[in-house]
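**Student:** Pasting the sequence and the predicted model now:
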Amino acid sequence: MAAVTFLALIGAAGFRAAPGALMVPLNDEFGWSTSVMSLAVSINLVLYGLTAPFAAALMDRFGVRQVVAAALSLVALGAGGSVFMTASWQLLLFWGLLIGLGTGAMALVLAATVTNRWFHTRRGLVMGVLTAGSATGQLVFLPVVAHLAESSGWRSASLAVAGAALLVVPVVWLVMRDRPEDRGVRPYGADETYAAPLPASGGATRRALGGLVFAVRHRSFWGLAVAFAICGATTNGLIGIHFIPSAHDHGMSTTTAAGLLAAVGVFDIAGTVASGWLTDKYDPRKLLAGYYVFRGAGLVSLPWLLSDSVHPGMVVFIVLYGLDWVATVPPTAVLCRQLFGDHGTIVFGWVFASHQLGAAVAALGAGLIRDAFGTYMYAWWGGAALCAVAAALSVGVRSGSEEREPVRIRPRAVDPAGNAEEDGAKRA
């Protein structure tokens with residue numbers, strides 16, 4: 001299950017590599033502005049996030065296999081259909097609507113669902129490995145997409161993404177199952193006392209919205225959601241979408257910039273798996289604060305590192321940013337499980353939705369900044385300031401025991417005569 005989930009996440013990640021590599025070719029052919037293309041990506045990211053909690057509920061209600069197969073088919077339809085585009089509104093349809101819904105129905109919610117259902121121990125490590133699937137997808141597809149876009153045209157690159165998504169569908173349908181009981185086994189690490197949970201009941205929309213209503217009453221949910229929105233803004237929104245166009249502004253070729261962004265994916269695999277291992281051993285709140293501080297430092301320095309060629313300073317940035325890329329996911333997912341128990345997966349879906357809303361705002365905002373000032377510098381510095389906010393919010397998240405066990409006032413002691421004891425009243 002973990003291996004097939006990893007493969008499915010790779011297949012869905014193909015489009016994550018595409019926009020940054022295709023924006024320049026689309027501009028050359030159609031003359032579409034950076035703002036218009038950024039709007040399409042923003043719609044994609046919003047749907048990518050908002051679909052997640054409903055997808056988690058759909059997986060509970062109808063099954064993981066059915067939802068994942070349908071999601072991969074939508075990604076393929078959106079990527080394949082984009083080759084027929086002639087107007088910018090069609091970019092919003094294919095890149096934004098179809099691929100946004102398809103990728104949102106999987107993504108990290110799929111990883112969290114499989115981890116929580118199939119693993120009783122080592123959840124942090126498994127979540128880290130599955131999260132790295134998205135980075136591996138970027139690593140696999142980005143150089144291919146960039147090369148095809150330059151040598152054969154952007155349509156060939158789009159068809160490659162569609163084909164990769166379709167190839168995974170039969171594997172998912174043949175191998176994936178909803179729960180360990182379907183295979184006659186217990187979750188990894190569970191002992192003989194394990195009891196299978198009752199099947200989910202109720203509609204997907206009701207379950208998803210119910211999870212949100214439950215979560216918003218907890219202050220820690222807002223801390224996690226806002227911090228994770230900043231995470232999305234400073235990864236998918238800024239670097240993931242605008243690093244290649246920004247490097248191109250400094251004279252670097254698209255293929256070279258795409259290679260650097262792919263290298264981020266290489267180091268992200270190591271960073272995310274290591275983060276999962278660390279999450280099983282250390283306070284996830286402190287880990288999150290450290291990750292955001294390092295990310296902010298990288299964004300502050302980026303305007304001075306971009307140039308027409310690769311140099312040692314840029315290599316250091318790529319390594320550190322890669323290690324930190326989505327290292328935030330395992331501790332955030334584990335905190336959702338600790339804080340919200342059985343609601344944890346759906347709540348994580350809403351936290352992930354905030355991640356993608358942050359990414360969407362940053363993707364559009366950075367495009368507007370580039371068109372207005374002719375440079376991305378202010379976008380990088382704004383992202384660095386947000387990282388400082390995310391670090392502070394992460395430290396302020398309450399632990400699972402604090403969140404689930406509100407303080408109770410002890411009743412006053414009463415003597416046999418029925419009089420309240422003064423000491424007891426004072427202690428209460």
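**Tutor:** All right, it came through fine. Numbers count the residues shown, from 1 in each chain.
**Student:** Give me the buried positions along stretch 385-401.
**Tutor:** Under the neighbour-count criterion of 16 or more other CB atoms under 10 Å, stretch 385-401 has 386-387, 390-391, 393-395, 397, 400 buried. Heads up, the C-betas are built off the backbone N, CA and C, glycines and all.
**Student:** how about that stretch as PDB, C-alpha atoms only?
**Tutor:** Output of stretch 385-401 as PDB, limited to C-alpha atoms (Å, rounded to 0.1, in the frame of the first residue of the first chain):
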ATOM      1  CA  ALA A 385       8.900  37.900   6.600                       C
ATOM      2  CA  LEU A 386       6.000  35.500   6.500                       C
ATOM      3  CA  CYS A 387       8.300  32.600   7.500                       C
ATOM      4  CA  ALA A 388       9.100  34.500  10.700                       C
ATOM      5  CA  VAL A 389       5.400  34.600  11.500                       C
ATOM      6  CA  ALA A 390       5.000  30.900  10.800                       C
ATOM      7  CA  ALA A 391       7.900  30.100  13.200                       C
ATOM      8  CA  ALA A 392       6.200  32.000  16.000                       C
ATOM      9  CA  LEU A 393       2.800  30.400  15.300                       C
ATOM     10  CA  SER A 394       4.300  26.900  15.400                       C
ATOM     11  CA  VAL A 395       5.900  27.400  18.800                       C
ATOM     12  CA  GLY A 396       2.500  28.600  20.100                       C
ATOM     13  CA  VAL A 397       0.600  25.500  19.100                       C
ATOM     14  CA  ARG A 398      -0.500  23.600  22.200                       C
ATOM     15  CA  SER A 399       0.400  19.900  22.700                       C
ATOM     16  CA  GLY A 400      -2.200  17.100  22.200                       C
ATOM     17  CA  SER A 401      -2.800  16.600  25.900                       C
END
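**Student:** got the contact list for that stretch?
**Tutor:** 219-220, 223-224, 226-227, 230-231, 233-234, 285-286, 288-290, 292-293, 295-296, 299, 335, 338-339 (CB atoms under 8 Å, 6 or more residues apart in numbering).
**Student:** mind redoing it with 7 Å?
**Tutor:** 220, 223-224, 226-227, 230-231, 233-234, 285, 288-289, 292-293, 295-296, 299, 335, 338-339 (CB atoms under 7 Å, 6 or more residues apart in numbering).
**Student:** go on, stretch 52-61?
**Tutor:** For stretch 52-61, using CB under 7 Å, 6+ apart, the contacting residues are 67, 104-105, 107, 109, 113, 200, 204-205, 207-208, 211-212, 345-346, 349-350, 352-353.
**Student:** Of all pairs in the buried residues of stretch 385-401, which one spans the longest distance?
**Tutor:** Spatially, the most separated pair among these is 386 and 400, at 26.2 Å (CB to CB).
**Student:** Confirm residue 398 sits in a strand?
**Tutor:** No: checked against DSSP: H, G, I helix; E, B strand; the rest coil, residue 398 lies outside a strand; its state is coil.
**Student:** how about low-confidence regions in the stretch 51-200 of the chain?
**Tutor:** Residue ranges of the stretch 51-200 of the chain with pLDDT under 70: 134-136, 138-139, 196-200.
**Student:** Drop anything exposed from the contacts of stretch 385-401.
**Tutor:** 220, 223-224, 226-227, 230-231, 233-234, 285, 288-289, 292, 295-296, 299, 335, 338-339.
**Student:** so how far is residue 336 from residue 211?
**Tutor:** 10 Å (CB to CB, to the nearest Å).
**Student:** Just the mean pLDDT for the helix or strand hosting residue 298, thanks.
**Tutor:** Taking DSSP states H and E as the criterion, residue 298 maps to helix 284-305. The pLDDT scores in helix 284-305 average 91.
**Student:** Dump the C-alpha coordinates for that helix into CSV.
**Tutor:** Presented in CSV, the C-alpha positions along helix 284-305 are these (Å, rounded to 0.1, in the frame of the first residue of the first chain):
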residue,chain,number,x,y,z
PRO,A,284,7.0,18.6,16.2
ARG,A,285,6.4,22.2,17.2
LYS,A,286,10.1,22.9,17.7
LEU,A,287,10.9,21.2,14.4
LEU,A,288,8.4,23.4,12.5
ALA,A,289,9.8,26.6,14.0
GLY,A,290,13.3,25.6,13.0
TYR,A,291,12.2,24.7,9.4
TYR,A,292,10.5,28.1,8.9
VAL,A,293,13.5,30.0,10.2
PHE,A,294,15.9,28.3,7.8
ARG,A,295,13.5,28.9,4.9
GLY,A,296,13.1,32.6,5.6
ALA,A,297,16.9,33.0,5.7
GLY,A,298,17.1,31.4,2.2
LEU,A,299,14.5,33.7,0.7
VAL,A,300,16.2,36.8,2.1
SER,A,301,19.4,35.9,0.3
LEU,A,302,17.9,34.8,-3.0
PRO,A,303,17.9,38.2,-4.8
TRP,A,304,21.7,38.3,-4.6
LEU,A,305,22.1,34.6,-5.6
